[in-house]
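Trainee: got a predicted structure plus its sequence, pasted below:
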Amino acid sequence: MGEKQFEAISRKEKIAYGTGDVACNIVFALTTSLLLYFYTNVVHVNVFTVGIIMMVSRIFDGVSDVLIGFLIDRTKSRYGKARVWILWMMFPYGLSAVLLFTVPQAAQWVQAIYIFITYNFCTTVVYTALNLPYATLASLITRDVNQRASINLYRTGMSAIGNLAITSITFPLVSALGDTQQAWVAVSILYALLAVLLLWFCFRHCHERVHLPTGQRDGQTIPLLQKLRLILTNRYFVLFFLLSIALSLYEAITGSCTAYYAQYILHNRNLTGAFASFEAIPQIIAVLLLSPFIYRFGKRNVAFVGALIASVGVASQFLAPDNLTLALFACVLRGIGKGCFRGVKYSMLSDIIEYGNWKTGVRLEGMIVSTTTAGQKFGSGITTAAISLLLDLAGFAGNDAIPASAQSMIAYIYIGGNLLAWVMIALLLILYRLDKYYPEIMADLAERESANAHSQQNTSC
């Protein structure tokens, strides 16, 4: 194996990689945590209409993930095959974020069409074409398992900071600017400019060192459908795919319902920021403290303990759903659990890419990352649609006062749905055993690649 693939990564480059996820979290936080509230409570689009749009869009989004993953594996440029996409997409990304909030004051069907177009432009096209290459970049910066773990800890910790900032300050900023749709547009422009600057820093200071043939066997490019079949033979990919769906269930519920829970159960919309803080700060602290535990106990065990902690926190809210202290306590335990799981999630995915290469003889970074995120988006879309349908059936209309049935439904979804998600994550992690075999797999890959290199040298002679 090439020595550059295993060289030490500077702290500056790790920070630069982390800033990329801070930028990506600007749109992610907006679309998962605040956009449903904006559509229903600011521009007053029917909640079920919005849910259907998001569900259908997520199906398109999942398909675009697979296509972008296919294109990443075929990309060749002076900046590599993943990093260059950050350069291409940074300006469209900023524009698409602003367009989400410029919904015209028109008939409901006009607004629905506008939302469908701009939501898909942002999430299906631009965000996918930015975030997938960004996620793939981690496996191309280094192949050293410890360096990868460190890089992804920077990513996880910094993304939590970005998510915290967006969810904590958006409502106060909007209120300070007049609490109108124009205020939301102004805030989105500010976020877009910040995102573009962060993406430029990420692009400028990250470098691809892993240059191995992708999507090829014996020098021949493998067709798309055969790549998908190869991915499905990777049992750890299938397991990770299901884990991603479970995580998307949690994130969709928390994102869609937190503002509603704060406003209608605890009667203070601005508590949305407090919830974000009480979850994100423990998550960041957990990520900062995680490295020695990963090295000592392994990724799976750290994530499993985190899932159990989060489950306990969520379950405690059943004791008193309208108790603020208990809600904040649950946020703290969820944050610890999320930090443990997300702190190892991305390095687990890089390990799964290496496992697939070892098992099939074909390296498929872009396809594995994109197919995983496709499942996550399908899960998110279905969850958001289900939430919207349940709220609509319960009589929710986005007004200042809602019926008791809608209040009860918000509490059931917010608590029961989150508990289901974390229990699923814990059960799936029991089946993950790649940590145990990973050193042997990497040693075997090193022997194969060394033998192939010698064979090619002899052939050229």
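Mentor: Cool, got the structure. Residues are numbered from 1 along each chain as shown.
Trainee: let me know the average pLDDT across the host helix or strand of residue 148.
Mentor: With elements taken from DSSP states H and E, the one containing residue 148 is helix 145-176. What helix 145-176 shows for mean pLDDT is 85.
Trainee: report the buried residues of that helix.
Mentor: 145, 147-168, 170-171, 174 (16 or more other Cβ atoms under 10 Å). For every residue, glycine as well, the C-beta is placed using N, CA and C.
Trainee: which strands and helices sit next to the helix or strand just after that helix?
Mentor: Moving toward the C-terminus from helix 145-176, the next helix or strand (DSSP H and E) is helix 181-205. In terms of contacts (3 or more Cβ pairs under 8 Å, 6 or more residues apart in numbering; DSSP states H and E), helix 181-205 is packed against helix 11-29, helix 83-99, helix 145-176.
Trainee: of all those helices, which one comes closest to residue 396?
Mentor: Checking the helices and strands packed on helix 181-205 against residue 396 by Cβ to Cβ gives helix 145-176 as the closest, at 19.2 Å.
Trainee: tell me the angle the closest one makes with helix 11-29.
Mentor: Interaxial angle of helix 145-176 relative to helix 11-29 (axes from the mean of the first three to the mean of the last three Cα atoms, to 10 degrees): 50 degrees.
Trainee: helix 145-176 packs against which elements?
Mentor: helix 11-29, helix 128-141, helix 181-205, helix 271-288, helix 291-297, helix 324-360.
Trainee: hmm, back to that, ok now the helix holding residue 148, how far from the chain's centre?
Mentor: 11 Å (Cα atoms, centre = their mean, to the nearest Å).
Trainee: repeat that for stretch 4-13.
Mentor: 24 Å.
Trainee: pull out the buried residues from that stretch.
Mentor: Within stretch 4-13, the residues that count as buried by 16+ other Cβ under 10 Å are 5-6, 9, 13.
Trainee: which one of those is nearest to residue 74?
Mentor: residue 5 (21.1 Å).
Trainee: doesn't residue 143 make contact with the closest one?
Mentor: Yes - here residue 5 reaches residue 143: they are 4.5 Å apart, a contact under Cβ atoms under 8 Å.
Trainee: overlap of the contact sets of those two?
Mentor: Residues touching both residue 5 and residue 143 (Cβ atoms under 8 Å, 6 or more residues apart in numbering): residue 210.
Trainee: residue ranges in this protein under the pLDDT threshold?
Mentor: Applying pLDDT under 70 to the chain flags the ranges 1-3, 213-220, 452-461.
Trainee: so residue 430 is in contact with residue 304, correct?
Mentor: Yes - when contacts are counted by Cβ under 8 Å, residue 430 is listed as touching residue 304 (7.1 Å).
Trainee: neighbour count winner among those two?
Mentor: residue 304 (21 against 10; other Cβ atoms under 10 Å).
Trainee: now the residue lying closest to that one once chain neighbours are set aside. Its backbone dihedrals?
Mentor: Leaving aside its sequence neighbours, residue 304 sits nearest to residue 429 (Cβ to Cβ, 6 or more residues apart in numbering; 4.4 Å). Per-residue torsions, residue 429: phi -70, psi -20 (degrees, to the nearest 10).
Trainee: tell me, how many residues neighbour residue 429?
Mentor: 23.
Trainee: and the gap between it and residue 281?
Mentor: Here residue 429 is placed at a distance of 24 Å from residue 281 (Cβ to Cβ, to the nearest Å).
Trainee: and for residue 360?
Mentor: Taking Cβ to Cβ, one finds residue 360 at 42 Å from residue 281.
Trainee: what's the answer for residue 227, then?
Mentor: To residue 281, residue 227 is 41 Å away according to Cβ to Cβ.
Trainee: those two: which has the busier surroundings?
Mentor: Taking neighbours as other Cβ under 10 Å, residue 227 and residue 281 compare with residue 227 leading, 24 against 17.
Trainee: and the more buried one, what helix or strand is that in?
Mentor: helix 224-232.
Trainee: report the angle between that helix and helix 324-360.
Mentor: Using the same axes, to 10 degrees: helix 224-232 against helix 324-360 is 110 degrees.
Trainee: any residues touching helix 224-232, and which ones?
Mentor: By Cβ under 8 Å, 6+ apart, the residues outside helix 224-232 that reach it are 66, 70, 215, 222, 237-238, 356, 360, 362, 364, 367-368, 371.
Trainee: and it, what's buried?
Mentor: For helix 224-232, using 16+ other Cβ under 10 Å, the buried residues are 227, 230-231.
Trainee: could you measure from residue 50 over to residue 75?
Mentor: 35 Å.
Trainee: between the two, who's got more neighbours?
Mentor: Neighbours were tallied for residue 50 and for residue 75 using other Cβ under 10 Å; the higher tally belongs to residue 50 (27 against 20).
Trainee: just give me the neighbour total for the residue lying closest to the more buried one once chain neighbours are set aside.
Mentor: Excluding its sequence neighbours, the residue lying closest to residue 50 (Cβ to Cβ, 6+ apart) is residue 39, at 4.7 Å. As a burial measure, residue 39 scores 27 neighbours (other Cβ under 10 Å).
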